[in-house]
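Asker: Just to be clear, the model below is a prediction. Sequence and coordinates:
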Amino acid sequence: MKWTGKTKTTFDVIKYQFNLSEAALRTLMKKN
């Protein structure tokens, strides 16, 4: 069960970072 929880946490981090980069891309496009 610990492994599953660790995997979920890693996935959450990746999803969080992806959302961050997506937001950064949107801000850049708005500036242009």
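Answerer: Ah, there it is. Residues are numbered from 1 along each chain as shown.
Asker: what mean pLDDT would you report for the helix or strand containing Glu22?
Answerer: Assigned by DSSP states H and E, Glu22 belongs to helix 2-31. Averaged across helix 2-31, pLDDT comes to 86.
Asker: Relative to the whole chain's centre, how far out is it?
Answerer: The chain centroid and the centroid of helix 2-31 are separated by 0 Å, computed with Cα atoms, centre = their mean, to the nearest Å.
Asker: same thing with stretch 25-32?
Answerer: Computed by Cα atoms, centre = their mean, the separation of stretch 25-32 from the middle of its chain amounts to 18 Å.
Asker: Can you dump the C-alpha atoms of it in CSV for me?
Answerer: Only the C-alpha atoms of stretch 25-32 are listed here, as CSV (Å, rounded to 0.1, in the frame of the first residue of the first chain):
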residue,chain,number,x,y,z
LEU,A,25,2.5,29.1,-21.2
ARG,A,26,-0.9,30.8,-21.0
THR,A,27,0.7,33.9,-19.4
LEU,A,28,3.3,34.1,-22.1
MET,A,29,0.7,33.8,-24.9
LYS,A,30,-1.3,36.5,-23.3
LYS,A,31,1.7,38.8,-23.3
ASN,A,32,2.2,38.2,-27.0
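Asker: Identify the residues contacting Met29.
Answerer: By Cβ atoms under 8 Å, 6 or more residues apart in numbering, the contact set of Met29 is empty. From N, CA and C alone the C-beta is placed, and that goes for glycine too.
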